[in-house]
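[1] got a predicted model here, sequence first, then my questions.
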Amino acid sequence: TIINGETTPAVSDAVKGFASDFATEYFTWKANLASERGTRLVKFIKGIDGDMGLKTFDVKGSSKVTSAEVYSTNHIDPKHVDVTVVVWRDVEVPPDQLKAAQGTALVPTIVQKKTYMVIPITLAEEGPVIQSYPRFVSEQQRGDTVDMSSTGISVVDMEVLSKGKDLADSFLKSWYEGNASQLRYFYSDKVKSPDTLQKSAFTYDKMDKVTILENPKNSGEAVTYRIEANVIVKSDLGEPFTNSWILQVSNVDGR
């Protein structure tokens, strides 16, 4: 038997959307109107209490979801799938009543919360349905360090370094400006340059750091280089961000 491609069943966009929609309704309620949340959850659940474990008399403030994105999916069996959703929400915390009695102004506090929630979904014939409580899980831990050293020989030739830096600077400036005609100048005849280019929402500011490596090659092959460039770009609000780029280039006719 020859198996080509992915063997794990794909979770449809409809099921992912169902999970995100549920997560939004699950974490949305208004102060003194939390019971209304159960009415909205009815269209997602079956065979489980409508408040999904949230006791409305214990809820003091309000909760508003600002983002609910699918983080991962896991097929349990052909009829069951776990969808992990990461939810960002703004929670309104009521003012301290003791401080209010002392004359402090009654101003609620807004707190931003981030939650990873696994939603167990049953794939019924009529569509997805939730038949048990979701569970909250910890944030995915980052991996350990790995060797980030690039293959190749560091270039020390000042002429190559100067040409490489100028190339990266000019190329990336044209790319961020969306100047497709200018960008064509940097492509070899064997590589098709883009016909059109959308101007970036960020403005190219300056080159921050450039490293040039000579790629390993076999006998008779042309010399190629790997340019690793960090550049500073700015948003329309003037916020500076560092972007990393890798450019694969050749040395042709002195260019």
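    Alright, I've got the coordinates. Keep in mind that this is a model prediction, so the values were computed, not measured.
[2] shaky segments in the chain?
    Residue ranges of the chain with pLDDT under 70: 1, 3-9, 96-106, 146-150.
[3] could I get the full set of helices for the stretch 1-150 of the chain?
    Under the criterion DSSP state H, counting those that start in this stretch, helices of the stretch 1-150 of the chain are mapped to 13-26, 36-41, 97-101.
[4] and of those helices, who's closest to Lys199?
    For Lys199, the closest of the helices of the stretch 1-150 of the chain is helix 13-26, at 30.1 Å, according to Cβ to Cβ. Glycine gets a C-beta too; all of them are placed from N, C-alpha and C.
[5] contacts for that closest one?
    37, 40-41, 44, 52, 65, 68-70, 73, 81, 83, 85, 87, 117, 119, 121, 123, 127-128, 130, 134 (Cβ atoms under 8 Å, 6 or more residues apart in numbering).
[6] so how far is that helix from its chain's centroid?
    18 Å (Cα atoms, centre = their mean, to the nearest Å).
[7] need the helices of the stretch 1-150 of the chain in JSON lines with distance to Val231, can you?
    Below are the helices of the stretch 1-150 of the chain laid out as JSON lines (distance: least, Cβ to Cβ, whole Å):
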{"stretch": "helix 13-26", "distance to Val231": "34"}
{"stretch": "helix 36-41", "distance to Val231": "46"}
{"stretch": "helix 97-101", "distance to Val231": "49"}
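[8] which of those helices sits most buried?
    Greatest average neighbour count among the helices of the stretch 1-150 of the chain goes to helix 13-26 (a mean of 19), per mean count of other Cβ atoms under 10 Å.
[9] got the contact list for Trp245?
    Counting by Cβ under 8 Å, 6+ apart, the residues that Trp245 touches are Ala168, Leu172, Ile227, Glu228, Ala229, Asn230, Val231.
[10] what's the most distant pair in those residues?
    Those two in those that are separated most widely, counting by Cβ to Cβ, are Leu172 and Glu228, at 12.3 Å.
[11] these two: who's more crowded?
    Leu172 (21 against 16; other Cβ atoms under 10 Å).
[12] so the more buried one is in which element?
    Element membership for Leu172 (DSSP states H and E) is helix 158-177.
[13] from the contact counts, what lies against that helix?
    Packed against helix 158-177 by the contact rule (3 or more Cβ pairs under 8 Å, 6 or more residues apart in numbering; DSSP states H and E) you find helix 180-183, strand 203-214, strand 224-234, strand 240-250.
[14] quick one on the thing from earlier: including distance to Met158, could the contacts of Trp245 go into CSV?
    Shown next, in CSV, are the contacts of Trp245 (distance: Cβ to Cβ, whole Å):
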residue, distance to Met158
Ala168, 16
Leu172, 21
Ile227, 15
Glu228, 18
Ala229, 18
Asn230, 20
Val231, 21
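[15] using PyMOL, define a selection of the buried residues within the residues you listed.
    Selecting only the buried entries of the contacts of Trp245 in PyMOL, with 16 or more other Cβ atoms under 10 Å as the criterion:
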select buried, resi 168+172+227+228+229+231
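[16] can you tell me which of the contacts of Trp245 is nearest Ile2?
    Within these, the smallest distance to Ile2 is 39.6 Å, found for Glu228 (Cβ to Cβ).
[17] for that closest one, list the residues it contacts.
    Ser150, Val210, Thr211, Ile212, Leu213, Ser244, Trp245, Ile246.
[18] beta partners for it?
    Glu228 forms beta bridges with Thr211, Ile246, as assigned by DSSP bridges.
[19] against Thr196, how distant is it?
    27 Å (Cβ to Cβ, to the nearest Å).
[20] is it true that Ser35 touches Phe57?
    No: assessed by Cβ atoms under 8 Å, Ser35 is found out of contact with Phe57, at 9.2 Å.
[21] which ones are touching Ile246?
    Contacts here follow Cβ under 8 Å, 6+ apart; on that basis Ile246 touches Arg226, Ile227, Glu228, Ala229.
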